[in-house]
Each structure stands twice: as structure tokens, then as C-alpha cells.
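Asks: just the structure for this:
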Amino acid sequence: MMYILSAFSIRLVISIIIAIVLLWIIFRFRAGKNGEGSSLEIMKERLEKGEITQEEFERAKKKQGK
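Replies: I've put the predicted structure just below:
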């Protein structure tokens, strides 16, 4: 009886650890993706620095559908 309870406890703990690790991985990858805005922000910064022209910025913006 004690063996069954301890085996169940070990499985439960391992399952919880696996679930936590999977959730951590999912949230970490989702947090890294800021969506379309991040590339547009980079383009705005490049425009401000003079690395690209207004025309190039507008073309990139149009490609994103904004």
C-alpha cells in the first residue's frame, strides 16, 4: 500500500515539474515575439538614424500591411 502511494506521489511531482517546464518554455518564446510592431520599431529607429530613406520606410510599412 505504501509503495503505491509513494509511486503515485513521485509521478505527480514529476508531472507537475514537466508541466511547469513546458509552461515556462511556452511563455518564454511568446514573450520574445512582440509581433509586427517590433520590426516596425526597428525600421523607425533606422529612419531616425538616417540609415534608410522615408521611401524605404514606407515600403517596409506597406509590406507589413500597416
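Asks: what about the most centrally placed residue in the chain, which SS state?
Replies: The centre of the chain sits closest to R30, judged by C-alpha atoms, centre = their mean, with a distance of 2.3 Å. Of the three states, R30 takes helix under DSSP: H, G, I helix; E, B strand; the rest coil.
Asks: any idea how far it is from Q54?
Replies: 33 Å (C-beta to C-beta, to the nearest Å). C-beta: built from backbone N, CA, C; applies to glycine.
Asks: swap in R28?
Replies: As judged by C-beta to C-beta, R28 and Q54 stand 36 Å apart.
Asks: now swap in E41 and tell me
Replies: According to C-beta to C-beta, E41 and Q54 sit 16 Å apart.
Asks: again, but for E48
Replies: With C-beta to C-beta as the criterion, E48 and Q54 are 11 Å apart.
Asks: shared neighbours of the two, anything?
Replies: Shared contacts of E48 and Q54 (C-beta atoms under 8 Å, 6 or more residues apart in numbering): none.
Asks: tell me which stretches of this structure form strands.
Replies: Counting by DSSP state E, the chain has no strands at all.
Asks: which stretches of it have low pLDDT?
Replies: Residue ranges of the chain with pLDDT under 70: 1-5, 31-37, 66.
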